[in-house]
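Undergrad: got a sequence here, can you model it:
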Amino acid sequence: MEARKHLIHWLRDAHGMEQQAESLLSRQSERLESYPDMKARIDRHIEETRSQAQRLEECLAKMGEDTSAIKDLGGKITANMGALMNAASDDEVVKNAIGSYSFEHFEIASYRALIAAAEVAGEEYIAEVCRNILAEEEAMAKWVEQNLPTVTEAFLGFETAGMSGKR
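TA: Numbers count the residues shown, from 1 in each chain. The predicted structure follows:
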């Protein structure tokens, strides 16, 4: 019973986390101007993130539960505050890329814990949903890792040329 209780709690946390991710990624995408590859990958991940939130809602519904409006709202507020802080920086794009790398790894750790909890609770369907989401998060983390040097170099190139590479 304890495993089920924690699984429900953590699924709600994960849903709030995905709400936060969607807000954060949307703010980043709206502001990107000089990095078309980055914008395209972020836009693709926004769609993945929306799908992830929907799949988490389905997992909760399967368990007879619902999402947490408070956790969802808290995630959105946190994301918007973070985006606002980075928008004030002249190196916004680099800070956003570093933040994305960190956030993706937070999500990866969360889904690994959810998989283990679902397995202990005997919820194999939920474990499989979380494995699929984990694969998407790992792919995004890998993309950010591979492209962080390129984004940083492009930003510095803009700055060296006397142009704003901020976004």
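
Undergrad: which helix is the longest one in the protein?
TA: With secondary structure taken from DSSP state H, the chain has its longest helix at helix 124-160.

Undergrad: so for it, what's the average pLDDT?
TA: In this model, helix 124-160 has a mean pLDDT of 96.

Undergrad: same thing with stretch 2-21?
TA: On average, stretch 2-21 scores 94.

Undergrad: and what of stretch 54-62?
TA: Mean predicted lDDT for stretch 54-62 stands at 96.

Undergrad: what comes up buried for it?
TA: R55, L56, E57, C59, L60 (16 or more other Cβ atoms under 10 Å). All C-beta spots, glycine's among them, are computed from the backbone N, C-alpha and C.

Undergrad: show me the residue at the heart of this structure, geometrically.
TA: The centre of the chain sits closest to A21, judged by Cα atoms, centre = their mean, with a distance of 3.8 Å.

Undergrad: now that one, what's its secondary structure?
TA: Put simply, A21 is helix when judged by DSSP: H, G, I helix; E, B strand; the rest coil.

Undergrad: for the chain, what spans make up the helices?
TA: 2-31, 36-62, 69-87, 92-120, 124-160.

Undergrad: tell me who's in contact with E119.
TA: E119 sits next to A127 when contact means Cβ atoms under 8 Å, 6 or more residues apart in numbering.

Undergrad: quick one: stretch 153-161 to chain centroid distance?
TA: From the chain centre to the centre of stretch 153-161 is a distance of 27 Å (Cα atoms, centre = their mean, to the nearest Å).

Undergrad: flag every buried residue along it.
TA: Buried residues in stretch 153-161 (16+ other Cβ under 10 Å): A154, F155, F158.

Undergrad: what would these look like in JSON lines with distance to V129?
TA: Putting the buried residues of stretch 153-161 into JSON lines (distance: Cβ to Cβ, whole Å) gives the following:
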{"residue": "A154", "distance to V129": "36"}
{"residue": "F155", "distance to V129": "37"}
{"residue": "F158", "distance to V129": "41"}
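
Undergrad: distance check, the residue nearest to the centre of the chain against G162.
TA: Relative to G162, A21 is positioned 35 Å away (Cβ to Cβ, to the nearest Å).

Undergrad: same question, V120
TA: V120 is 58 Å from G162, by Cβ to Cβ.

Undergrad: kindly report the same for R27.
TA: Relative to G162, and taking Cβ to Cβ, R27 is found at 27 Å.

Undergrad: cool, and V151?
TA: 19 Å.

Undergrad: who's more crowded, these two?
TA: V151 (20 against 6; other Cβ atoms under 10 Å).

Undergrad: would you agree the more buried one is in contact with A97?
TA: Yes. Applying Cβ atoms under 8 Å as the test, V151 and A97 come out as touching, 5.0 Å apart.
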